[in-house]
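Enquirer: Quick one, fold the following:
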Amino acid sequence: MALDDAPHAGLATPVLELDHVGMAFARPSGDPLPVLVDIDLMLREGEILGLLGRSGSGKSTLLRVAAGLARPTSGRVRYQRAPLSGPAEGISVVFQTFALYPWLTVLANVELGLDAAGLAPSVVRERAMSAIERIGLDGFESAFPRELSGGMRQRVGFARALVSEPKLLLMDEPFSALDVLTAETLRSDFLDLWTQRQTPIEAVLMVTHNIEEAVLMCDRIHVLGGHPGHIVATLNVPLSRPRNRLDPAFRAIVDTLYGILTARLAESANGSGAVRGAFGLRLPAVSSHRLVGFLDALAAATHDGHTELTSMAAALMLKPDELFPVAVALHLLAFAELQERTIKLTAAGRMFAHAGDSERKKLFREHVVQFVPLIAHIREVLDEREGHRAPRARFELELEDHLHRADAETTLRSAIDWGRYAGLFSYDDHTRTFGD
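Expert: This is a model prediction of the structure:
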């Protein structure tokens, strides 16, 4: 189970190659904001390669680059050994959201996958019906999306991707919007199509934040770190299919990936702590109520203020991508100390856990003002203005000079929630205005 960047080197033909790929977007000031840096990736025939990482690590941007939907600002992309400069024949994408046209039937939605192929109508119909049957939707050709469950709507998305008979399939968290049982069924059905070679797909690149899903489906996994996105580790999954989640070898790979991600999490949190004075500090997308609930659970007798992150995930039934932002937020606010695999309450965290409501809000207020420059800045602006009001747009523009727009939006949303809980300001979403 050694880390290995190219387990299939010299064996199978490359389908997709990314060489030193970087991607940057322009800040409002005009300066570049890097979101991907120095990405080297090779996907070979017969392989499912996973991109695993926390939200904000650039996974979806990397997938768009691989699809030819976004042009990198540096490096090169090759598909079947030819330069890729835009969408190419033979590449299909399955998105996280269902992305169906509600006014079209299942059949019409699937036929859209051949809209630009220039085929005869009879051929389009034949291939669409074949894709519908393969993906388990036969009998629902005339149904509209509103008549289908979430799982069936995503099957339509898969059928639309498969109807063009792609060589390369790109999947952007295709199961994340589904309930657990539906996702498990659709994953199994897709793996059956893959292992039985019922499609012409030669290789799959899949984005996920679910560790077990990555081990269940992938032959090789790239772990991405964020800000900007970069590959921090590559892990082989040398397990035959079908894979058993209870198999000790399966659990060992899951634990290894968990260790890699939590080590990066601790490093990221410590790095953020070193720049707490920076206005552009990214805030995790975590509500104040979730922070309070996590502190209470960590302080309970079961954990006594110090435990492994895996234990907290199991106790609170949180997925890693739900757990990690909470742990980082508590570290940033100095209510907990995040180490490689563990989290420990600080003295302030213990005080918070055993305080009453008013004392909790007072302590939380002190910590957000001290450790979150954005929240302190919002309060200062309100104090300086007659009427103590300020538009949201003012802070959005300031943040976008430091952060990518999506990160700025997440950061401001968390700041609003935390500031409200602390009693520092109010916010009217209708008028998009801060006030007392």
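Enquirer: ok, now which ones touch Leu309?
Expert: Shown in contact with Leu309 (Cβ atoms under 8 Å, 6 or more residues apart in numbering): 258, 262, 323, 327, 341-343. (Glycine included, C-beta is placed from N, CA and C.)
Enquirer: now do 10 Å
Expert: 258, 261-262, 265-266, 318, 320, 323-324, 326-327, 338-343 (Cβ atoms under 10 Å, 6 or more residues apart in numbering).
Enquirer: List buried members of these by neighbour count.
Expert: 258, 261-262, 265-266, 318, 320, 323-324, 326-327, 338-339, 341-343 (16 or more other Cβ atoms under 10 Å).
Enquirer: Report the residue ranges of every domain in this protein.
Expert: Domain assignment of the chain by automatic domain parsing yields the ranges 14-262, 288-435.
Enquirer: End to end on the longest one, go ahead and measure it.
Expert: Taking Cα to Cα, to the nearest Å as the measure, domain 14-262 stretches 32 Å from start to finish.
Enquirer: Then the last one?
Expert: Counting by Cα to Cα, the length from the leading to the trailing residue of domain 288-435 is 19 Å.
Enquirer: right, and the domains of the chain - which one's nearest Arg282?
Expert: Nearest to Arg282 among the domains of the chain is domain 288-435; the distance by Cβ to Cβ comes to 5.4 Å.
Enquirer: mean confidence for the closest one?
Expert: Averaging pLDDT along domain 288-435 yields 88.
Enquirer: and if you look at stretch 245-263?
Expert: Computed over stretch 245-263, the mean pLDDT rounds to 85.
Enquirer: Name the residues of that stretch that are buried.
Expert: Within stretch 245-263, the residues that count as buried by 16+ other Cβ under 10 Å are 250, 253-254, 256-258, 260-262.
Enquirer: Over to stretch 20-27?
Expert: 21-24, 27.
Enquirer: Mark which of the buried ones among the contacts of Leu309 are part of helices, please.
Expert: The helices, defined by DSSP state H, take in 258, 261-262, 265-266, 320, 323-324, 326-327 from those.
Enquirer: quick one: contacts for Ile378?
Expert: 372, 390, 392, 394-395, 412, 415-416, 419, 424-425, 427, 434.
Enquirer: repeat that for 8 Å
Expert: Shown in contact with Ile378 (Cβ under 8 Å, 6+ apart): 390, 395, 415, 419, 424-425, 434.
Enquirer: which of the residues you listed are buried?
Expert: 390, 395, 415, 419, 424-425, 434.
Enquirer: Quick check, pLDDT for His9.
Expert: Careful, residue 9 is Ala and not His. Looking at Ala9, its pLDDT is 44.
Enquirer: Arg276 now?
Expert: We have a pLDDT of 44 for Arg276.
Enquirer: And for Glu267?
Expert: Confidence score, pLDDT, at Glu267: 64.
Enquirer: need the contact list for Pro32.
Expert: Contact analysis of Pro32 by Cβ under 8 Å, 6+ apart lists 24-26, 73.
Enquirer: An error on my part: the question was meant for Phe190.
Expert: Residues in contact with Phe190 (Cβ under 8 Å, 6+ apart) are Phe158.
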